[in-house]
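Undergrad: structure of the sequence below:
(one chain, ligands or ions: 1)
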Amino acid sequence: MFTFAHLSDLHLPMPALSGWRPLANKRILGYLSYQLKRKNVHRQSVLAALVEDLRRQAPDHIVITGDLTNIALPEEFSAAAWWLEALGPPERVTVVPGNHDALVAVPWPRSLGRWAPLMSDPGTPLHDAGGFPFVRRRGPIALIGVSSACPTPPFHASGRVGDDQLARLARLLEQLRAPSVFRVVLIHHPPIGGMMTHRKRLIDQAAFRAVIERAGAELVLHGHHHLFSQDALATPAGTAPVLGVPSASARRHLGRQHAGYHVCRLAADAASWRLEIEVRGLAEAEDRFTTERGFAMTIPNDSADSRPPAAMSAG
Ligand SMILES: [Fe+2]
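TA: Numbers count the residues shown, from 1 in each chain. Next up, the predicted model:
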């Protein structure tokens with residue numbers, strides 16, 4: 001049994017500004033949004049309860065699908081790196097960036113480079129954004145971290161993977177394909193049509209889905225929409241679940257979901273994987289997380305035997 005927790009959209013508290021100059025761009029809109037709304041939703045007390053709950057759950061690994069920052073200030077990347085250190089050692093925590101982490105272009109060493117130890121392994125360091133998707137192997141799982149984070153025009157929160165990453169993703173998924181490997185693709189934006197508004201969507205989602213359909217994966221995890229969601233994408237072996245989680249730091253507000261995350265427990269038998277999902281949610285009055293529900297799924301392992309004949313799959 002291998003266990004991993006999936007969190008997303010933490011929007012950690014913003015450090016004090018050292019001046020107004022950093023806001024002389026698209027950040028001013030995000031800053032106003034943070035001051036007027038976000039800082040009252042994403043709370044330090046919930047984050048403390050989350051860390052305590054994760055300590056008690058003690059998963060083998062923790063994955064975070066982006067949006068740790070609010071307006072991509074270098075100080076926010078540093079603060080997030082320290083917060084992540086408290087969550088666990090880099091070998092037990094994996095991160096991919098979200099649109100807030102790429103609100104404006106910031107040099108790699110002062111932005112995502114601060115989280116590089118959580119997006120790479122010692123033998124395969126990540127030097128810049130050209131290193132996505134990265135792969136981290138942990139037990140039976142292969143974590144494939146895709147970046148859909150890119151600067152966008154004001155009032156947009158869309159994402160794009162890009163042709164280079166998609167080609168590399170297809171190669172990695174093919175290379176990792178084996179009955180004993182459970183491929184988990186991490187991406188911030190939902191790759192499912194109709195889940196987001198036009199200005200918040202994954203622009204090249206159809207191309208992403210085509211890669212999964214062709215090369216296969218056992219699970220896709222995402223955030224961005226601040227909701228629990230369950231969907232599926234076609235793969236050569238059948239379908240792969242696509243699971244979304246809400247913000248792991250939000251109190252209940254304006255009818256949106258309160259903080260929650262998934263604990264995933266993976267086991268294998270000869271022909272398939274069994275994935276049990278425990279939904280952990282914030283018991284708001286008590287500022288602690290509890291089990292809200294659970295569900296399980298069987299996922300075919302992607303061996304040569306499990307794939308339909310080429311003539312059939314091509315049709
Ligand atoms: Fe997002």
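
Undergrad: quick one: terminal-to-terminal distance for stretch 244-258?
TA: 14 Å (Cα to Cα, to the nearest Å).

Undergrad: name the residues that touch that stretch?
TA: Applying Cβ atoms under 8 Å, 6 or more residues apart in numbering, the contact partners of stretch 244-258 are 6-12, 40-43, 46-47, 50, 65, 190, 195, 221-231, 259-262, 281-282, 284. Quick note: C-beta positions are derived from backbone N, CA and C, even for glycine.

Undergrad: out of those residues, which end up buried?
TA: Those of the contacts of stretch 244-258 that meet the buried threshold are 6-12, 41-43, 46-47, 50, 65, 190, 195, 221-226, 228, 231, 259-262, 281-282, by 16 or more other Cβ atoms under 10 Å.

Undergrad: could you identify the helix or strand that succeeds the helix or strand where Pro241 lies?
TA: Following DSSP states H and E, one finds Pro241 within strand 238-244. Downstream of strand 238-244, the first helix or strand assigned by DSSP H and E is strand 260-268.

Undergrad: elements contacting that next one?
TA: Packing partners of strand 260-268 (3 or more Cβ pairs under 8 Å, 6 or more residues apart in numbering; DSSP states H and E): strand 2-7, strand 272-283, strand 288-300.

Undergrad: so where do the strands sit in the stretch 101-250 of the chain?
TA: For the stretch 101-250 of the chain, applying DSSP state E, counting those that start in this stretch gives strands covering 134-138, 141-145, 182-186, 219-222, 229-235, 238-244.

Undergrad: can you check which of these gets nearest to the ion?
TA: strand 219-222 (9.5 Å; Cβ to the ion).

Undergrad: what does the closest one rub up against?
TA: Outside strand 219-222, the residues within contact range by Cβ under 8 Å, 6+ apart are 6, 8, 63, 65, 182-191, 212, 233, 240-245, 275, 299.

Undergrad: report the distance from that strand to the chain centre.
TA: In terms of Cα atoms, centre = their mean, to the nearest Å, the centre of strand 219-222 is found 7 Å from the chain centre.

Undergrad: before we move on, what about stretch 161-175?
TA: Chain-centre distance of stretch 161-175: 17 Å, with Cα atoms, centre = their mean.

Undergrad: and if you look at stretch 232-239?
TA: Distance of stretch 232-239 from the chain centroid (Cα atoms, centre = their mean) equals 20 Å.

Undergrad: compute the first-to-last residue distance for that stretch.
TA: Start-to-end, stretch 232-239 (Cα to Cα) is 6 Å.

Undergrad: what lies in contact with that stretch?
TA: 191-192, 209, 212-217, 220, 240-242, 299-303, 306-308, 313.

Undergrad: show the buried residues in those residues.
TA: Buried members of the contacts of stretch 232-239, counted by 16+ other Cβ under 10 Å: 191-192, 209, 212-213, 215-217, 220, 240-242, 299-302, 306-307.

Undergrad: and the stretch 1-150 of the chain, which residues reach the ion?
TA: Proximity of the stretch 1-150 of the chain to the ion, by Cβ under 5 Å from the ion, involves residues Asp67, Gly98, Asn99.

Undergrad: would CSV of these with distance to Thr124, secondary structure and neighbour count be doable?
TA: Output for these, formatted as CSV (distance: Cβ to Cβ, whole Å; DSSP: H, G, I helix; E, B strand; the rest coil; neighbours: other Cβ atoms under 10 Å):
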residue, distance to Thr124, secondary structure, neighbour count
Asp67, 25, coil, 26
Gly98, 23, coil, 30
Asn99, 26, helix, 22
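
Undergrad: and these as TSV, adding pLDDT and distance to Gly139?
TA: TSV is the format used below for those (pLDDT from 0 to 100; distance: Cβ to Cβ, whole Å):
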residue	pLDDT	distance to Gly139
Asp67	96	27
Gly98	97	26
Asn99	95	30
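
Undergrad: does Leu47 sit in a helix, a strand or a coil?
TA: helix (DSSP: H, G, I helix; E, B strand; the rest coil).

Undergrad: quick check: nearest residue in space to it, chain neighbours excluded?
TA: Distances taken as Cβ to Cβ, 6 or more residues apart in numbering place Ser249 nearest to Leu47, at 5.1 Å, with adjacent residues excluded.

Undergrad: report pLDDT for that neighbour.
TA: We have a pLDDT of 92 for Ser249.

Undergrad: and the gap between it and Ile64?
TA: Distance, Ser249 to Ile64, using Cβ to Cβ, to the nearest Å: 11 Å.

Undergrad: can you check Glu75 too?
TA: Counting by Cβ to Cβ - Glu75 and Ile64 are separated by 19 Å.

Undergrad: and those two? Which one has more around it.
TA: Counted by other Cβ atoms under 10 Å, Glu75 and Ile64 do not tie: Ile64 has more neighbours, with 30 against 15.
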